[in-house]
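In: Fold the stuff below for me.
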Amino acid sequence: SFVAIKFPEVDGMRYHAHAHMRQHSWLECEGEGFLIINRSASSFFGSEGRRCCYARSGPIVYASSALPIGRVAPPDSWQFFHGSQWVVLAANAVRWMLHDADAGRFAEHLSLTYMSDETYV
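Out: Sure, this is the predicted structure:
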């Protein structure tokens, strides 16, 4: 397998941004935009206030009223690493991602996060 990984010491700003994004639940709307669940614009972006989009995303809609949507916790003691979304995976790595119980729980945890598919790999 080949995955380009950046470590926190090298790219601290990106790690901080991604950690912030993972704290909140996002619902991607068929590639057209996002719904940030159970957050107002100010509670998400702070003093920056409402933003129309994030990076190259489509429009963002904020659902600040309580919706009965939440996420499962990630597997215990798992660390997050960031890098390129482009990867080459060996067949045994893909089998693990598809069939391992912890990998499945991790996928479920990420299912309502910004860039969930890129983050999972």
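In: Contacts only, for the closest residue to residue 19 other than its chain neighbours.
Out: Closest residue to residue 19 apart from its sequence neighbours, by CB to CB, 6 or more residues apart in numbering: residue 80 at 7.3 Å. Every C-beta, even on glycine, is put in place using the N, C-alpha and C of the backbone. Residues counted as contacts of residue 80 (CB atoms under 8 Å, 6 or more residues apart in numbering) are 15, 18-19, 22, 119.
In: now with 10 Å?
Out: By CB atoms under 10 Å, 6 or more residues apart in numbering, the contact set of residue 80 is 8, 15, 18-19, 22, 74, 106, 110, 119.
In: same deal with residue 43?
Out: Applying CB under 10 Å, 6+ apart to residue 43 gives the contacts 24, 36, 62, 64.
In: same thing with residue 7?
Out: By CB under 10 Å, 6+ apart, the contact set of residue 7 is 15, 81-83.
In: and the longest strand anywhere in the chain, which residues are buried?
Out: Using DSSP state E to define each element, the chain has its longest strand at strand 82-88. Judged by neighbour count using 16 or more other CB atoms under 10 Å, the buried positions of strand 82-88 are residue 82.
In: next one: stretch 45-55
Out: By neighbour count with 16+ other CB under 10 Å, stretch 45-55 contains the buried residues 45, 54.
In: and for that stretch, what are the contacting residues?
Out: Here stretch 45-55 makes contact (CB under 10 Å, 6+ apart) with 17, 20-21, 26, 33-34, 36, 39-42, 44, 57-60, 62, 114-115.
In: From these, which land in helices?
Out: Secondary structure from DSSP state H places 17, 20-21, 41-42, 44 of the contacts of stretch 45-55 in helices.
In: Among those residues, pick out the one closest to residue 97, please.
Out: Of all the ones in helices among the contacts of stretch 45-55, residue 97 sits closest to residue 21, with 21.2 Å by CB to CB.
In: In this structure that closest one contacts residue 112, no?
Out: No. Taking contacts as CB atoms under 10 Å, residue 21 lies outside contact range of residue 112: 11.4 Å.
In: coming back round to it: could you measure from the residue nearest to residue 19 over to residue 11?
Out: From residue 80 across to residue 11, the span is 12 Å (CB to CB, to the nearest Å).
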